[in-house]
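> Build the 3D model from these lines:
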Amino acid sequence: MPGVDGVPEPHTGWTFVTNHARVLASIADNHNARIRDIAARCRLTERAVQKIISDLEQDGYLSHTRSGRSNQYQIDPSKVLRHPAEAGLTVASLLSMLVEVERQGTAEQARAES
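Okay, the predicted model is just below:
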């Protein structure tokens, strides 16, 4: 939910999914997403999303090409996650899990509304 100046209200407390994972999942859902749209979806500031995209590009998880005034993002699904506890897990496996969780949540919400 946007605050007074249009910046999303920050989430307080800890979460299970990192902001980097949220941004990557948002880009996976729409490779042409604008930073503004990613920020709104992830409830982050545009500046935070820019920093996260820079981190992901610097470490080779993400790249982009300019297409007119917008960016086309490419994710490297074969990249291995960074933390030793996830050794061997790839970006593709992380995104697959997040998509499945979102799909289940959407199905449950639809059932609850009907």
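> Where does the prediction get shaky in the protein?
Within the chain, the ranges that satisfy pLDDT under 70 run 1-11, 105.
> which residues of it fall in strands?
62-67, 70-75 (DSSP state E).
> partner strands of the last one, parallel or antiparallel?
Next to strand 70-75 in the sheet, as set by DSSP bridges, lie strand 62-67 (antiparallel).
> Tell me the buried residues in the strand it pairs with?
Residues of strand 62-67 classed as buried by neighbour count (16 or more other CB atoms under 10 Å): residue 62. For every residue, glycine as well, the C-beta is placed using N, CA and C.
> Any chance you could list what contacts that strand?
24, 27, 32, 53, 56, 57, 71, 72, 73, 74, 75, 76 (CB atoms under 8 Å, 6 or more residues apart in numbering).
> Please list only the buried members of the residues you listed.
Of the contacts of strand 62-67, these count as buried by 16+ other CB under 10 Å: 24, 27, 53, 56, 71, 73, 75.
> Would you format the strands of the chain as TSV with distance to residue 42 included?
Listed next are these as TSV, based on distance: least, CB to CB, whole Å:
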stretch	distance to residue 42
strand 62-67	14
strand 70-75	14
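> mind listing what residue 41 touches?
Counting by CB under 8 Å, 6+ apart, residue 41 has contacts 22, 26, 33.
> My error: substitute residue 32 in the last question.
Residue 32 makes contact with 67, 70, 71, 72, 73, according to CB under 8 Å, 6+ apart.
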